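Peer 1: Please work out how this folds:
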Amino acid sequence: MPASDIMTIAQSGEAILNRQAQAVISFDPALVQLTENMIATMTAANGVGIAAPQVFSDLAIFIMHSRSNDRYPNAPETSATVVINPRIIAYSDEMELGSEGCLSIAERRVDVLRHKTINVQYQSLSGEVIKQQLSDFVARIFQHEFDHLQGITLLERITMADQTASQTGNQEISTEQNQQNQHTQGAVE
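Peer 2: The predicted structure follows:
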């Protein structure tokens, strides 16, 4: 395999960030190289996650790598995880407000309401199906990157109906909103 390259990161307003990603169907060396380049790009930018649309690819892939760095000094340590064709299967009613940044929105942080715990399913680089329960900061990363695959940036997320609870101080969303979210958080086709 060639060495990993640092890729250009798409910035807010670029069309690729507002498109729904396409399912990965070919688990080949080109996919491995893309993920290695994504990890190198994310690491160089001090990110804890990066989605393929952020590097101008329309594939349903993202990387999660929670670790302490200049942008997230209190982040828990996890290994880099390649997430392919993800789905959010279930999520807790409990939500938390937290400050998020985005590699595609330079130098800006916003408060975002996210589910505290989520059950997810995705594929590994070899195509193996993985099911996990994630919570707290790692669940926040997954949800943020999952949004990118749906064509939703952080700036769109903060204007969505599920964020209104943060404006009223309520940390939970209604059953009706939960059902609406569940409909939009299905598999990436």
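Peer 1: so the residue nearest the centre of the chain, which of the three states?
Peer 2: Closest residue to the average C-alpha location of the chain: Glu145 at 1.0 Å, with C-alpha atoms, centre = their mean. In terms of secondary structure, Glu145 is helix; the call rests on DSSP: H, G, I helix; E, B strand; the rest coil.
Peer 1: Now do the same contact list for it.
Peer 2: Under the criterion of C-beta atoms under 8 Å, 6 or more residues apart in numbering, the neighbours of Glu145 are Gly49, Ile50, Ala51, Phe62, Ile63, Met64, Val83. Every residue, glycine included, has its C-beta placed from N, CA and C.
Peer 1: between those, which is closest to Arg19?
Peer 2: In terms of C-beta to C-beta, no member of those lies closer to Arg19 than Ala51, at 11.5 Å.
Peer 1: by contact count, what packs against the lengthiest helix in the chain?
Peer 2: As far as residue count goes, and with DSSP state H defining each element, the longest helix of the chain is helix 29-44. Taking 3 or more C-beta pairs under 8 Å, 6 or more residues apart in numbering; DSSP states H and E as the contact definition, the neighbouring helices and strands of helix 29-44 are strand 49-51, strand 61-64.
Peer 1: got CSV for those strands, with mean neighbour count too?
Peer 2: Putting the helices and strands packed on helix 29-44 into CSV (neighbours: other C-beta atoms under 10 Å) gives the following:
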stretch, mean neighbour count
strand 49-51, 28
strand 61-64, 26
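Peer 1: which one of those strands lies closest to Ile25?
Peer 2: For Ile25, the closest of the helices and strands packed on helix 29-44 is strand 61-64, at 12.1 Å, according to C-beta to C-beta.
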